[in-house]
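Undergrad: Sharing a model prediction with you, sequence too.
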Amino acid sequence: MISIAFIGVGNRAGKYLSCLPADVKVAFLVDPDPVRLSQAAAKYGVPANACFSDAETFFSVRREVDGVIITTPDRLHHRQAAAAIRAGYPVLLEKPAAVSQEEFDDLLEESERTGMPVSVCLVMRYYPFCRRIKEVVESGEIGRIVSIDHTEFIGPDRMGHTFVRGLWSRKDLSGPIFLSKCSHDVDFLLWLAGGRALDVSSEGGLTVFHAGHAPAGAAKRCLDCSLDCPYSAVKLYRDRHAWVAGFDAPEGRTLEEVIEEELQTGRYGRCVYHCDNDVNDRQDVQIRLDNGILLRMHLDGVSLEEGRRTIIQGTDGILRAQGPILEVNGRKEDYSAMMDLPLHAGADRLLVEDFIESLRTGHPTAAPLSTTREAHRICFLAR
Ligand SMILES: NC(=O)c1ccc[n+]([C@@H]2O[C@H](COP(=O)([O-])OP(=O)(O)OC[C@H]3O[C@@H](n4cnc5c(N)ncnc54)[C@H](O)[C@@H]3O)[C@@H](O)[C@H]2O)c1
């Protein structure tokens, strides 16, 4: 039986835990948050002596475990993954693998030196929709790729929750948004196009979510605001119960009570025009590859649209993908049923299964660390 340790038991860990194959044992859990730790331990039957509040203690002794899944905040990835491979555990590591080129190269070197593999959770490589796009490109149906235009519309709920009010809203704490949000997308484009970047140009800024752009009459907290606003925290959390998975209800309290408290005094009750965010809400990045292909990426955090749009211009045709519709030289394929599946349209499950299979067989996963270096490098350059 394969046994796994989880470092960090927040939102992403919850998804991976929920789709672990039945014959995999959750052997250890590590998280400094006592509520999360005890709730995960109870749910997955992990005894108290296999739960740790800090990773250093966990890594200080050799444990009986086949692999480690690291789902902590971005800035901890490098240190914790390096500790894991030094201790002799193969790692599945959330993206980004590191927050600087130096950290990334250090981790890669350590992985190669120890022979311990690190796989990165670049989930787009596992999306059935993205895999279909790659299949079409590789079939030659649109000829050789000339250019790719790719837009990521973050959408108002995710933008407000994560990148304005939330834990990825400050460059000094979480890094630039292009790294935290678009490392998936850059990796996906390189996965399709191949090559190395000859140059990367980037222009972006914080254009909407700041006090200077607040509509007249906007209150500092949504509870006190009478405006009809697409970013209303009251509508998002209290009325629609969306994005509440990270609001922990300790024993004796209900989720409703936690939401109300958050709306009254927490970071998630703040007006999106009156937060302390500084990450970009728009960014345009152009990447010229050494194989002649031009990539144009647009990060759009201000439109009310959500999702991704990819247009691949080939020498013999054109592919347009905007989930769930894929259009190849005018022929349409509809992937609505597939896109509606939970857990990133099934991709999270495929990713976890791939990692477990790599532990069983020693074969590399679909996203080994070394194959993600160029995507990380581009994100570090674009910033
Ligand atoms: N692959 C994807 O599609 C995807 C999507 C969202 C987030 N992410 C990435 O996943 C990672 C986790 O994001 P999340 O949304 O789960 O965040 P989260 O805040 O819900 O979970 C992070 C957990 O790590 C814990 N933690 C903090 N410090 C720790 C430490 N020193 N040791 C152990 N645990 C510690 C926190 O208490 C928390 O429970 C981030 O790097 C994020 O960028 C990836």
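TA: Thanks, I have the structure now. Not measured: the values here are computed from a predicted model.
Undergrad: Show me which residues of the chain sit near the ligand.
TA: Taking Cβ under 6 Å from any ligand atom as the criterion, the chain approaches the ligand at residues 7-12, 30-33, 36, 55, 71-74, 76, 94-95, 121, 123, 167, 180, 246. Using the backbone N, CA and C atoms, a C-beta is placed for each residue, glycine as well.
Undergrad: what do you get if the cut-off is 8 Å, keeping everything else the same?
TA: 7-14, 30-33, 36, 54-55, 71-74, 76-77, 80, 94-96, 121-123, 167-168, 174, 180, 184, 245-246, 344, 348, 351 (Cβ under 8 Å from any ligand atom).
Undergrad: Now, of those, which are buried?
TA: 7-10, 12-14, 30-31, 36, 55, 71-74, 77, 80, 94-96, 121-123, 167-168, 174, 180, 184, 344, 348, 351 (16 or more other Cβ atoms under 10 Å).
Undergrad: Please tell me the pLDDT value assigned to residue 193.
TA: At residue 193, the pLDDT value in this model is 98.
Undergrad: okay, now the closest residue in space to it that isn't next to it in sequence: neighbour count?
TA: Closest residue to residue 193 apart from its sequence neighbours, by Cβ to Cβ, 6 or more residues apart in numbering: residue 293 at 4.7 Å. Residues lying near residue 293 (other Cβ atoms under 10 Å) number 21.
Undergrad: Quick check: residue 293 touching residue 145?
TA: Yes - between residue 293 and residue 145 there is a contact under Cβ atoms under 8 Å: 5.3 Å.
Undergrad: shared neighbours of these two, anything?
TA: residue 193 (Cβ atoms under 8 Å, 6 or more residues apart in numbering).
Undergrad: Would you indicate which residues of stretch 304-318 are buried?
TA: 308, 309, 310, 311, 312, 313, 314, 317.
Undergrad: and which of the residues you listed is nearest the ligand?
TA: residue 308 (12.7 Å; Cβ to the nearest ligand atom).
Undergrad: need the contact list for that closest one.
TA: 150, 151, 152, 153, 185, 321, 322, 323.
Undergrad: which residues are contacting the helix or strand bottoming out on mean pLDDT in the chain?
TA: Sorting the helices and strands of the chain by mean pLDDT, DSSP states H and E puts helix 342-345 at the bottom, at a mean of 84. Contacts to helix 342-345, defined as Cβ under 8 Å, 6+ apart, come from residues 15, 18, 19, 123, 126, 127, 128, 129, 338, 339, 349.
Undergrad: hey, C-alpha coordinates of the helix or strand hosting the first one in PDB?
TA: Counting by DSSP states H and E, the element that carries residue 15 is helix 11-18. Included here for helix 11-18 are C-alpha records, laid out as PDB according to Å, rounded to 0.1, in the frame of the first residue of the first chain:
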ATOM      1  CA  ASN A  11      -8.100  24.100   0.000                       C
ATOM      2  CA  ARG A  12      -5.900  22.300  -2.600                       C
ATOM      3  CA  ALA A  13      -5.100  19.500  -0.200                       C
ATOM      4  CA  GLY A  14      -8.800  18.900   0.400                       C
ATOM      5  CA  LYS A  15      -9.300  18.400  -3.400                       C
ATOM      6  CA  TYR A  16      -6.300  15.900  -3.600                       C
ATOM      7  CA  LEU A  17      -7.400  14.100  -0.500                       C
ATOM      8  CA  SER A  18     -10.900  13.600  -1.800                       C
END
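Undergrad: any idea of the mean pLDDT for that helix?
TA: Here the average pLDDT along helix 11-18 is 96.
Undergrad: From one end of stretch 132-147 to the other, what's the distance?
TA: 18 Å (Cα to Cα, to the nearest Å).
Undergrad: That one: which residues count as buried?
TA: Buried residues in stretch 132-147 (16+ other Cβ under 10 Å): 132, 133, 136, 137, 142, 145.
Undergrad: again, but for stretch 346-365
TA: 346-356, 358-359, 365.
Undergrad: Pick out the most distant pair among the residues you listed.
TA: 346 and 359 (20.6 Å; Cβ to Cβ).
Undergrad: and the residue of the chain found nearest the ligand, backbone torsions?
TA: Going by Cβ to the nearest ligand atom, the ligand is nearest to residue 10 of the chain, at 1.9 Å. Backbone torsions of residue 10, given as degrees, to the nearest 10, read phi -90, psi -140.
Undergrad: ok, now residue 299?
TA: Backbone torsions for residue 299, taken as degrees, to the nearest 10, come to phi -100, psi 120.
Undergrad: again with residue 197
TA: Here residue 197 shows phi and psi, under degrees, to the nearest 10, equal to phi -80, psi 130.
Undergrad: Model confidence at it, what's the number?
TA: 98.
Undergrad: Same check on residue 337?
TA: 88.
Undergrad: Buried ones in whichever strand or helix holds it, by neighbour count?
TA: Secondary structure from DSSP H and E places residue 337 in helix 336-339. Neighbour-count burial for helix 336-339, counted by 16+ other Cβ under 10 Å, picks out residue 339.
Undergrad: Export that helix to CSV, keeping only CA atoms.
TA: The C-alpha coordinates for helix 336-339 follow below in CSV (Å, rounded to 0.1, in the frame of the first residue of the first chain):
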residue,chain,number,x,y,z
SER,A,336,-19.8,20.8,-22.0
ALA,A,337,-20.3,17.5,-20.2
MET,A,338,-16.6,17.1,-19.6
MET,A,339,-16.1,20.7,-18.4
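Undergrad: on that earlier part again, how about the buried residues of stretch 346-365 in CSV, adding secondary structure, pLDDT and distance to residue 59?
TA: Putting the buried residues of stretch 346-365 into CSV (DSSP: H, G, I helix; E, B strand; the rest coil; pLDDT from 0 to 100; distance: Cβ to Cβ, whole Å) gives the following:
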residue, secondary structure, pLDDT, distance to residue 59
346, coil, 89, 32
347, helix, 94, 29
348, helix, 96, 25
349, helix, 96, 28
350, helix, 97, 28
351, helix, 97, 24
352, helix, 97, 22
353, helix, 97, 26
354, helix, 98, 24
355, helix, 98, 19
356, helix, 98, 21
358, helix, 98, 21
359, helix, 98, 18
365, coil, 98, 22
